[in-house]
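Enquirer: Next one to model:
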Amino acid sequence: MVKLLKPSFKEGFIFLNTSMKKIFLLLSTLLIVACDHKSYKVPTPSMAGTLNVGDNILVKDSKDFSRNQIVIFNREIENGKSTPYVKRLIGMPGDSLEIIDGEVAINDTLLEFPEKYHTSYILIAKMVLPKRFFEKEKITDFYEISRQTSIATYIVHIAPSQAENLRKNPSIISVKPEIFPKGKTDSMIFPQSSLFDWSADNFGKLWIPKKGSVIKINEYNLALYGKIILKNEDNPDAFIEKNKLYINRKEKVNYIFKHDYFFVMGDSRHNSEDSRYLGLIADTDMTGYVVEEFLPE
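Expert: Numbers count the residues shown, from 1 in each chain. Purely as a prediction, here's the structure:
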């Protein structure tokens, strides 16, 4: 006969003590998460493929960032109000950044594209494509740009893998990336100056300021960095006049940066209001980064 052993009071106490420790550890972890994490809802399709509109994300409050993290920063919109933006961190303080035909180079080294990035393609079809065609191909962001007798042309925002599948479709003539060339001034593109002919796909080179670094004050550098010197550098008495910088009513020949700056981009490269349009992001506006785990809808 097998004799069942009853747990002693001591064994029961040890079991209870161990369980209480686990519960205490769990509660402590949740408290820590609650204190230095916040949840956000993704507001726009600028990170489509990686994060979609309506996704809930958990963000760690931090000022310590690394390249390729998905970050949150605040941007002033109007009347002193600000709104959080969700983008990927591409350029770090001290980096030299250039975009060449849609590919990003940091310090003359090309970066890999984000795993699930989207961009726009010019799709030419043998016929007008019905809505159900795009639904079947899981394409939600598209519009028609021209139509001839038997040919229709569309702009579609999709992943490269989707573009490859479309090329195999007998109804499709071609699917080519849409590239915005350099060569003319675009009032929407940073730094919104006639001195630069940059585009969203051919941009820079742009040096990203690092705290303690020095620049010469001239027309070119004031076009690039004048706004952040006036707005983000804690210089309440600074102003620019005739391509000269004055602080405390004294002209500055050189300027030493007081803050670090960052360059951000959306993973949906042609559907994102990011540093190509907004300019550089100050360390004081960066609030945190997205952790690996996403909260359910």
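
Enquirer: where are the low-confidence patches of the chain?
Expert: 1-35, 292-297 (pLDDT under 70).

Enquirer: So this structure: which segments form each domain?
Expert: 75-113+184-284, 119-177 (automatic domain parsing).

Enquirer: residue contacts, the closest residue in space to Leu110 that isn't next to it in sequence?
Expert: Distance criterion Cβ to Cβ, 6 or more residues apart in numbering; nearest residue to Leu110, sequence neighbours excluded, is Glu103 at 5.6 Å. No exception for glycine: its C-beta is placed from N, CA and C like everyone else's. The contact partners of Glu103, taken as Cβ atoms under 8 Å, 6 or more residues apart in numbering, are 110-111, 113.

Enquirer: Kindly provide the distance from Glu103 to Phe65.
Expert: 22 Å (Cβ to Cβ, to the nearest Å).

Enquirer: Check Phe263 too.
Expert: Distance from Phe263 to Phe65, by Cβ to Cβ: 12 Å.

Enquirer: Overlap in contacts, the two.
Expert: Joint contacts of Phe263 and Phe65 (Cβ under 8 Å, 6+ apart) are Leu89.

Enquirer: More neighbours: these two, which one.
Expert: Phe263 (27 against 17; other Cβ atoms under 10 Å).

Enquirer: Point out the most buried one among the domains of the chain.
Expert: domain 75-113+184-284 (a mean of 16; mean count of other Cβ atoms under 10 Å).

Enquirer: Report the secondary structure state of the most centrally placed residue in the chain.
Expert: For the chain, the residue sitting closest to the mean C-alpha position, by Cα atoms, centre = their mean, is Lys87 at 2.0 Å. Put simply, Lys87 is strand when judged by DSSP: H, G, I helix; E, B strand; the rest coil.

Enquirer: Quick check: beta-bridge partners of it?
Expert: In this entry, Lys87 is beta-bridged to Val71, by DSSP bridges.

Enquirer: Pull the contacting residues for it.
Expert: 46-47, 70-71, 73, 264-266, 272, 274-275.

Enquirer: do you know how far the residue lying closest to Phe263 once chain neighbours are set aside is from Ser146?
Expert: Once flanking residues are discounted, Phe263 sits nearest to Gly91: 3.0 Å by Cβ to Cβ, 6+ apart. Distance, Gly91 to Ser146, using Cβ to Cβ: 36 Å.
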